[in-house]
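Q: predicted model follows, preceded by the sequence.
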Amino acid sequence: MITIDALIIQGGGIDREEVEHWIDEKWIRPDGRRGMWLFREIDVARLHLIRELRHDLGLKEDVLPIVLGLIDQLYGERRRLRRLRDIVNQLAPADVRQALLQALSSRTGHGNDEA
């Protein structure tokens, strides 16, 4: 974990007011309290993502919560899929795993996947 001062130094052009605003908006959720925050690795990564979205890609502030929400959903689904993969690998017999892989690969790239 790092402090807000260390984060600003490492932040690549992000100033304290910006970070505090993003915390107030709950786009970043460090531990601690105002002025004494501690940022985990995930907080730092999210900060860099927000900076890229705002500064490099020029996303407007009112759009950012929507984009962040979609990104959060995407990562949540990826975690669930990894968990499902791990469970299938652990519990399913080899022939079932092979059949699943074949079924998935035969549908890939044909544009007929159902939502």
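A: Noted; the coordinates are in hand. Numbers count the residues shown, from 1 in each chain.
Q: quick one, domains of this structure?
A: If you go by automatic domain parsing, the domain ranges for the chain are 2-56, 64-107.
Q: where along the chain do the strands fall?
A: Remark: strands assigned in the chain by DSSP state E are 2-3, 38-39.
Q: which strands and helices sit next to the biggest helix by length in the chain?
A: Longest helix of the chain, by residue count under DSSP state H: helix 64-91. Applying 3 or more C-beta pairs under 8 Å, 6 or more residues apart in numbering; DSSP states H and E, we find helix 64-91 packed against helix 41-51, helix 94-107. Where C-beta positions appear, they are placed from N, C-alpha and C, glycine not excepted.
Q: out of the ones you listed, which is the most enclosed?
A: Looking across these with neighbours counted as mean count of other C-beta atoms under 10 Å, the highest average goes to helix 41-51: a mean of 16.
Q: measure how it sits relative to helix 64-91, angle-wise.
A: Between the axes of helix 41-51 and helix 64-91, defined by axes from the mean of the first three to the mean of the last three C-alpha atoms, to 10 degrees, the angle is 140 degrees.
Q: quick revisit: quick one, the longest helix of the chain and helix 94-107 angle?
A: Angle of helix 64-91 versus helix 94-107, following the same axes, to 10 degrees, is 140 degrees.
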